[in-house]
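Undergrad: Pasted the sequence and its predicted model underneath.
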Amino acid sequence: MNRLNRMWPLTILLAALTISCRMNPPSPSPSQTAAAGTAAAQTAGTATQAPDPGALSLPSQLQGSERILTVYVVDEEESRDMDAEDYLCGVLAGEMRNDWPEEALKAQAIIARTYLIDFLNTKGQSQYGGADISTDEKESQAYDLKGVNDAIRQAVEETRGQVIVHGEQAIKAWFHACSGGKTATATEGLNYKESDPPYITVVESDESAAPPEALEWSKSFTKDEIRSALSKMGLKADSLEPVEISERGPSGRCVTLTFGETEVNAAELRKHLDPQRFRSTLLTGCAWKDGKLTVSGKGYGHGVGMSQWGAFTMAQNGSSCEEIIAHFFKDVKIVQAWK
């Protein structure tokens, strides 16, 4: 997925070991009390399971009784043929810690499968020649075969073939680590160039279990770092001062920063500057101090779609994977694309 967001650095994972996961859960693992199944989803009233995919358009690799993908494995520098569901086990382990609540893992598994379908339908193939998709998180989704355990396999198996759709199309299955309490529209969070999908709205997200480093943060950047990022964006500012947050979006995220007289898209600046340090665009402050730009904010990631820490909290409090998906994606349903 847009891997900008992915990413929860290892150092922070270790530092927040008491409650951490790539978008990071607590350790010890919380007990699972979530209700499962279609009945719970119907109670939620939004995301419901359908018995078949209807007119859902499946890429050729996922049609028929065998669903084999050619996956370019970056660590091995070679392509391997994999069963799609086996591939998704590695993705789930790469995107969420394997000791998280079952229903959070299942929600992430359904999202990962939906992302795969949308990737193949829209991009056709990987940037790595001859492969359908890769384990390069900058291109698609993270992948960690070593992290696959029984909980990961169970989450993938129990959701086998399940895909999120809006109308007759697999959705853009965006997700991020921590929203900072409120998710974003695609335009403000990702600088998405098309119209905001109707299923992506601003929703509240309880992330009280998230580590402090995800909830609130503050980082500083030099003028050289800012100029380098602007250059990558094809911009040049005659002056970097003063700086101001000149536009905010529906969730309160910064959409535009102005350096001197140069307007800069905040989501693009975050991507080109350092998304591990510039953790989100839900900014609470931005000012020059002692020759450095000090930026502070809430959350971790682009903020669009499912908050992983929000999913963690919902699952811990008894929500099913269907209810989690219904909360973060409006007017969608879960269909059985294959068995």
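TA: Structure received.
Undergrad: right, and residue 172 touches residue 200 too?
TA: Yes. Shown here, residue 172 and residue 200 form a contact pair, counting by C-beta atoms under 8 Å, at 7.4 Å. For the C-beta atoms, the positions are set from N, CA and C on the backbone; glycine is no exception.
Undergrad: Common neighbours of those two, please.
TA: Common neighbours of residue 172 and residue 200 are listed as 186, 305 (criterion: C-beta atoms under 8 Å, 6 or more residues apart in numbering).
Undergrad: Show me how the record splits this protein into domains.
TA: As recorded under automatic domain parsing, the domains making up the chain are 10-175+307-336, 212-298.
Undergrad: can you redo those as TSV with distance to residue 192?
TA: Formatted as TSV, those follow (distance: least, C-beta to C-beta, whole Å):
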stretch	distance to residue 192
domain 10-175+307-336	9
domain 212-298	9
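Undergrad: most tightly surrounded among these?
TA: Each of the domains of the chain was scored by mean neighbour count; the highest is domain 10-175+307-336, a mean of 20, by mean count of other C-beta atoms under 10 Å.
Undergrad: For residue 245, see how far away the residue nearest the centre of the chain is.
TA: Geometric centre of the chain, nearest residue: residue 175, 2.4 Å, by C-alpha atoms, centre = their mean. Taking C-beta to C-beta, to the nearest Å as the measure, residue 175 falls 25 Å from residue 245.
Undergrad: residue farthest from the centroid of this protein?
TA: Furthest out from the centre of the chain (C-alpha atoms, centre = their mean) sits residue 238, at 35.1 Å.
Undergrad: Give me the pLDDT value at the residue nearest to the centre of the chain.
TA: Turning to residue 175, the model gives it a pLDDT of 98.
Undergrad: ok, the closest residue to the residue farthest from the centre of the chain other than its chain neighbours to residue 244 distance?
TA: The shortest distance from residue 238 to any non-neighbouring residue, by C-beta to C-beta, 6 or more residues apart in numbering, is to residue 260 (6.0 Å). Distance, residue 260 to residue 244, by C-beta to C-beta: 10 Å.
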